[in-house]
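>>> Just the structure for this:
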Amino acid sequence: MYLIRRSPSTKLDSFAKGFKQEHGVDYDEIFSSVVRMNTLRMLVGFVATEDLELEQLDVKTTFLYGDLEEDIYMSQPASFMVMGEESHLVCQLKKSLYDLKQAPRMWYQKFDYYIWQLGYHRSDSDPRMYSRQLTDESQIHLILYVNNMLIVGRNQAEIGKLKWSIHDKFSMKELRQARHILGIWIEQNRTTKTLWLS
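This next block holds a predicted model:
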């Protein structure tokens, strides 16, 4: 975000109020990256039958990572204002903010490109599931639900490497073994190779 001189034609979003945004002017496409429930159930079933690791990550301040494609201006926050310049300067956003309509899409595009750079490929059946074949013939799968991620795999070292790579790019909260996602409680018994979903 940086300050620019306001022209009379500059359209303002006061404090990035998304409800004032106009389709085709301030944004073109909006959506949230939500994994399909069938994909989640299938992967969790796979974890139980194959006795795989199931780990969870949570991205902090998710929507602040997106890069904006449109020019969006907002009035200055009170802490930015300089006496005498209040009506002449506005902020031009360079990054996405919460409440902008395109914020979820911008985050998804940023994550999608980064995970692709790490060698993961989107599933044809669900674009929020990513997979990578490892040299030991096992696979790692990652599913994305807005800012929550589940990682499934057999190779603990490769899972750790993936988590470190994501952590290196985005501020993360590591939740370790998955216990709760999308209002569903997960309980895994690796001895009996069973897994319960609430």
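>>> and the spatially most central residue of the chain, how far is that from Ala103?
By C-alpha atoms, centre = their mean, the mean C-alpha position of the chain lies nearest to Asn147, the distance being 4.1 Å. Applying C-beta to C-beta, to the nearest Å, the value for Asn147 to Ala103 is 11 Å. Yep, even glycine has a C-beta here, placed from its N, CA and C like the rest.
>>> With Lys94 instead?
With C-beta to C-beta as the criterion, Lys94 and Ala103 are 14 Å apart.
>>> More neighbours: these two, which one.
Neighbours per residue, other C-beta atoms under 10 Å: of Lys94 and Ala103, the larger number sits with Ala103, 24 against 10.
>>> Please list all residues in contact with the nearest residue to Arg122 once chain neighbours are set aside.
Residue nearest to Arg122 in three dimensions, not counting chain neighbours: Tyr130, with 6.0 Å by C-beta to C-beta, 6 or more residues apart in numbering. For Tyr130, the contact set (C-beta atoms under 8 Å, 6 or more residues apart in numbering) comprises 115, 120-123, 141-144.
>>> Now which of those residues would you call buried?
Buried residues within the contacts of Tyr130, counting neighbours by 16 or more other C-beta atoms under 10 Å: 115, 120, 141-144.
>>> From the residues you listed, which land in helices?
Among the buried ones among the contacts of Tyr130, the ones falling in helices (DSSP state H) are Ile115.
>>> would you list the buried ones among the contacts of Tyr130 in a markdown table and tack on distance to Gln188 and pLDDT?
Output for those, formatted as a markdown table (distance: C-beta to C-beta, whole Å; pLDDT from 0 to 100):
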| residue | distance to Gln188 | pLDDT |
| --- | --- | --- |
| Ile115 | 25 | 94 |
| Tyr120 | 24 | 96 |
| His141 | 16 | 95 |
| Leu142 | 18 | 94 |
| Ile143 | 16 | 91 |
| Leu144 | 21 | 88 |
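>>> so of the buried ones among the contacts of Tyr130, which ones are in strands?
Taking DSSP state E as the definition of strands, these contribute 141-144.
>>> And the furthest pair within these?
Spatial extent of those (C-beta to C-beta) is set by the pair His141 and Leu144 at 10.9 Å.
>>> In the chain, where is pLDDT below threshold?
1-33, 62-65, 68-70, 82, 84-88, 95-101 (pLDDT under 70).
>>> re earlier: may I have the beta-bridge partners of the residue nearest to Arg122?
Note on Tyr130: beta-bridge partners by DSSP bridges are Arg122, Leu142.
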